[in-house]
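> would you be able to build a 3D model of this:
(2 chains)
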There are 2 protein chains.
Amino acid sequence: MEPARPFHDPRMRGFRSRTSVEAVLALIDRRVGRLSLESIDPRSAAGRVMASEVVAEAPVPAFDRAAMDGYAVRGEETLGADSYSPIPFTIVGRVRPGAVSTIRVGPGEAAEIATGAPLPAGADTVVRVEATEVDGRIVRVSEPTPPGRHVGREGEDIARGAVVLSAGRVLRPQDLGLLSSIGLDRVEVVRRPVVAIIVTGDELQPAGIRPDGSRIADANSPMLAALACRDGGIPAVIGPLPDDREAIRSAIVDAARSADVLLISGGSSTGPEDHAPGLIAELGELAVHGVAIRPASPAGLGFLGPIPVVLLPGNPVSCLCAYDFFAGPIVRRLGGRPPGWPYRPRVLPLARKLASVVGRVDYARVSVVDGRVEPLAISGASILSSTTRADGFVVIPADLEGHPEGASVTVWHYDQDG
Amino acid sequence: MEPARPFHDPRMRGFRSRTSVEAVLALIDRRVGRLSLESIDPRSAAGRVMASEVVAEAPVPAFDRAAMDGYAVRGEETLGADSYSPIPFTIVGRVRPGAVSTIRVGPGEAAEIATGAPLPAGADTVVRVEATEVDGRIVRVSEPTPPGRHVGREGEDIARGAVVLSAGRVLRPQDLGLLSSIGLDRVEVVRRPVVAIIVTGDELQPAGIRPDGSRIADANSPMLAALACRDGGIPAVIGPLPDDREAIRSAIVDAARSADVLLISGGSSTGPEDHAPGLIAELGELAVHGVAIRPASPAGLGFLGPIPVVLLPGNPVSCLCAYDFFAGPIVRRLGGRPPGWPYRPRVLPLARKLASVVGRVDYARVSVVDGRVEPLAISGASILSSTTRADGFVVIPADLEGHPEGASVTVWHYDQDG
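As a prediction, the model looks like this:
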């Protein structure tokens, strides 16, 4: 039996050279910018990124108001009051929260007032209810209460014209409250990037089906979709596709019409069934192919016009590593977010030596046991369970042979809590 | 003018006593448990909480497979090979990923194989392509390759019967990949709690409308909805409602039919317009009313049957404080999540003295400037912008008068990044 064409073209054995991680990140930094903005209801803006600053067009509160339940009076008239010689005022009415009051408080007069109600004209202070006794239409004040006491001033929360939130802000729950309090019904945020996820591989069957004797389930598309969501993107999964050049080409061309970034998982290396790199070179620009990083060396980066394309290895650990290093920063930059890892860093001592090879960055999965870092594995690109058993990872820079036992290393924790 | 009934009932002046924060948390701990489970598609399970452990019913991979591109042979036949005396094998076929192969590799024979393809019968190792030369039907192997080399064994990622994820796990992106890889199409997760948010106050107008001269915009419902979402809940906003006892009663009764927890904002204190505490006492049980915490002392906790009800002060900072201390832990516990704060703690020195009063917990908003903690304000319950200007907060325990300048304090950062 004579193979029709060799699987393994001797001219294509591995990468001639590998780009450094730093160079890839510098390229991303140079070529990938923030998307345009969209205007949305502030109530659905939690976690979104402000595209422009917000200026308060009105003060908050828009009026002087009572900060306590009590009696609105002229403060100077209360000076000298105490419980032995309370000062009487005539009650001229009641001011409710939310109501426009026509009451005017004159000399010797008081208006009942509840917290949050507008201070009536003529009054300049609120005597707290605990310092009063009521007898019919008379209230006796037993505590001197200078002007301005227990009064929330117009604009005390937000002054008119104040910049309340700046561009780039990732909106907190309380920010939505603030935007609401100044009466905004629309807010300009950075558009969420649409992340096309094209998964390829003859060996893959779709997620949700029990794998059979020769194929494995597609683990990368659910993982990449969740990663893209976490980073503020809108995932669009295409595939799994067979290792068919025309099918992949057509999926890439289609996706580039609507997506803001393409992630192509599988077929990213140098073999004859690795179609993605050649297709990106043909349809646009293949800027990087092969990176000095383990376990994601068959990764790549290209552009179709302005649209970044990340080539991710099909092995799921390599795929996660390539996402963490290259795709994640692109998705976050497009969405206006800080490009750094959304993982919690903690510096901890190594329980055992962590070996590496000079010349490449290593993405080493570790667990943390009793405050010490246990390396799980730095090989095993196909062992996805190494990333689910791990608490996080340690990055070994390219210029180090690893770290000795006891060395302090930064663990990037996959979980935010715990 | 004679007020029909006094705003300020002297029998209701403030709280007789205030429950300690610890006692409220202990009550929550005792009375609030995890909700029931639901079965969902693993692809939409990111961030959800596993309700039961997952056991792999099949190994991953389900077959021995090539971990490199190369030639599948009997490893013992390669021993002694080197580049000066390569050992020849007859190529008997090619094994593709994803295909079931009928090839059998006999003595002196080799099958071309690509990464991920099932190892053919008879072969026990993969010689990597870089260590071979092909000449027609003959491949010459120049590297000894013992049995098992470059072979991913059946079950090497996940053994049959292994517990791959435990109950309580907050699902990571890679966990979705793992669940997919074992072929699961459903996964049992804790139900997301429905969080009814009832906002009350005559002084409120709905969010999204510019506040006028006597009312303020409802800032609490957008804030509380975003907080509930962040903590894994499904918010259902009701209101703003006027301070009308019957309207609030009816909203509470309705909400208790479908929600897993009720948050009632506003009207939580002891004045005549504070209807919520009395209604909860009447409809169920008012377990706590008044807490020794600033700025959220008019907070409360009750139960309508099994449904927890949190009374939150209407002042937005107090509302946030009461959510952080009492409502958040309830929402997270119902959803099976760790009840602790989803805020990043960091221990830093105080730039200035942080004063407090013995006998109550203080929730002090702070900013971090050059690695030092600047207190922003510990009063000003109505100043929501203090929580948007702040980087986070410091909690001053009830038994302390505050912290001196230079003391190390834990700042709970509102943002996960930065």
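
> who does A:Gly402 bridge with?
A:Ala355 (DSSP bridges).

> ok, it touching A:Lys353?
Yes: counting by Cβ atoms under 8 Å, A:Gly402 does reach A:Lys353; the two are 6.5 Å apart. For every residue, glycine as well, the C-beta is placed using N, CA and C.

> look at the two and report which has more neighbours.
Comparing A:Gly402 with A:Lys353 by other Cβ atoms under 10 Å in any protein chain shown, the one with more neighbours is A:Gly402, at 18 against 12.

> list the buried residues in stretch A:44-64.
Within stretch A:44-64, the residues scored as buried using 16 or more other Cβ atoms under 10 Å in any protein chain shown are A:45-51, A:54, A:56, A:58-64.

> try stretch A:258-271
Here stretch A:258-271 shows A:259-271 as buried, counting by 16+ other Cβ under 10 Å.

> what's the mean pLDDT across that stretch?
The average pLDDT within stretch A:258-271 is 94.

> where does the stretch 1-150 of chain A dip in pLDDT?
For the stretch 1-150 of chain A, residues meeting the criterion pLDDT under 70 lie at A:1-14.

> show me where it has helices.
Using DSSP state H, counting those that start in this stretch, the helices assigned to the stretch 1-150 of chain A run over residues A:21-31.

> and the strands in it, which stretches?
A:37-40, A:54-55, A:65-66, A:70-73, A:87-95, A:109-113, A:125-128, A:132-135, A:138-141 (DSSP state E, counting those that start in this stretch).

> and if you look at the stretch 151-300 of chain A?
Listed in chain order, the strands found in the stretch 151-300 of chain A under DSSP E, counting those that start in this stretch are A:151-152, A:163-165, A:187-190, A:194-200, A:204-205, A:216-217, A:234-241, A:261-265, A:285-289, A:293-294, A:300-304.

> nearest to B:Pro193, out of those strands?
For those, proximity to B:Pro193 was assessed by Cβ to Cβ; strand A:234-241 is nearest, at 25.8 Å.

> between the buried residues of stretch A:44-64, which is nearest B:Arg230?
Relative to B:Arg230, the closest of the buried residues of stretch A:44-64 is A:Ala46; by Cβ to Cβ it sits at 7.1 Å.

> report the contact partners of the residue nearest to A:Ser83 when sequence neighbours are not counted.
Distance criterion Cβ to Cβ, 6 or more residues apart in numbering or on different chains; nearest residue to A:Ser83, sequence neighbours excluded, is A:Ser142 at 4.3 Å. Listed by Cβ atoms under 8 Å, 6 or more residues apart in numbering or on different chains, the contact partners of A:Ser142 are A:Ala81, A:Asp82, A:Ser83, A:Pro86, A:Ala131, A:Thr132, A:Glu133.

> of the residues you listed, grab the buried ones for ChimeraX.
Typed into ChimeraX, the line below selects the buried ones among the contacts of A:Ser142, using 16+ other Cβ under 10 Å:
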select /A:81,86,131,132
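
> columns distance to A:Glu203 on top of the contacts of A:Ser142, output as JSON lines?
Output for those, formatted as JSON lines (distance: Cβ to Cβ, whole Å):
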{"residue": "A:Ala81", "distance to A:Glu203": "87"}
{"residue": "A:Asp82", "distance to A:Glu203": "88"}
{"residue": "A:Ser83", "distance to A:Glu203": "87"}
{"residue": "A:Pro86", "distance to A:Glu203": "88"}
{"residue": "A:Ala131", "distance to A:Glu203": "80"}
{"residue": "A:Thr132", "distance to A:Glu203": "81"}
{"residue": "A:Glu133", "distance to A:Glu203": "85"}
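
> for B:Gly98, state which of the buried residues of stretch A:44-64 is nearest.
A:Gly47 (39.1 Å).

> my read: that closest one touches A:Gly232, true?
Yes: if you go by Cβ under 8 Å, A:Gly47 and A:Gly232 touch, sitting 7.3 Å apart.

> any idea how many residues pack against the closest residue to chain B within the stretch 301-418 of chain A?
Closest to chain B within the stretch 301-418 of chain A is A:Thr387: 4.4 Å, counting by Cβ to the nearest Cβ. Neighbour count of A:Thr387, defined by other Cβ under 10 Å: 27.

> I figured it was touching A:Asp415, is that so?
No: taking Cβ under 8 Å as the definition, A:Thr387 is not a contact partner of A:Asp415, at 12.0 Å.

> helices of the stretch 201-350 of chain A, residue ranges please.
Taking DSSP H, counting those that start in this stretch, the helices of the stretch 201-350 of chain A run over residues A:220-230, A:245-258, A:276-283, A:316-322, A:328-334.

> most tightly surrounded among those helices?
Mean neighbour count (mean count of other Cβ atoms under 10 Å in any protein chain shown) peaks for helix A:316-322 among those, with a mean of 29.

> break chain A down into its structural domains.
A:10-36+A:192-334, A:41-60+A:158-190, A:65-152, A:344-413 (automatic domain parsing).

> so what's the gap between the first one and the chain middle?
This points to domain A:10-36+A:192-334. Centroid separation between domain A:10-36+A:192-334 and its chain, computed with Cα atoms, centre = their mean, to the nearest Å, is 22 Å.

> so is stretch A:407-416 next to chain B?
Yes: applying Cβ under 8 Å from any Cβ of the partner chain, one finds stretch A:407-416 in contact with chain B at A:Tyr414, A:Asp415, A:Gln416.

> for stretch A:94-107, same thing?
Yes: with Cβ under 8 Å from any Cβ as the measure, stretch A:94-107 is seen reaching chain B through A:Arg94, A:Arg96, A:Pro97, A:Gly98, A:Ala99, A:Val100, A:Ser101.

> just name the closest of those to B:Pro339, please.
The closest of these, once distances to B:Pro339 are taken by Cβ to Cβ, is A:Pro97, at 34.4 Å.

> show me what contacts that closest one?
A:Ala114, A:Thr115, A:Gly116, A:Ala117, B:Gly201, B:Asp202, B:Glu203, B:Asp243.

> in a markdown table: those, plus neighbour count and distance to A:Val369.
Shown next, in a markdown table, are these (neighbours: other Cβ atoms under 10 Å in any protein chain shown; distance: Cβ to Cβ, whole Å):
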| residue | neighbour count | distance to A:Val369 |
| --- | --- | --- |
| A:Ala114 | 25 | 57 |
| A:Thr115 | 25 | 53 |
| A:Gly116 | 28 | 53 |
| A:Ala117 | 26 | 59 |
| B:Gly201 | 24 | 51 |
| B:Asp202 | 21 | 57 |
| B:Glu203 | 25 | 54 |
| B:Asp243 | 25 | 55 |
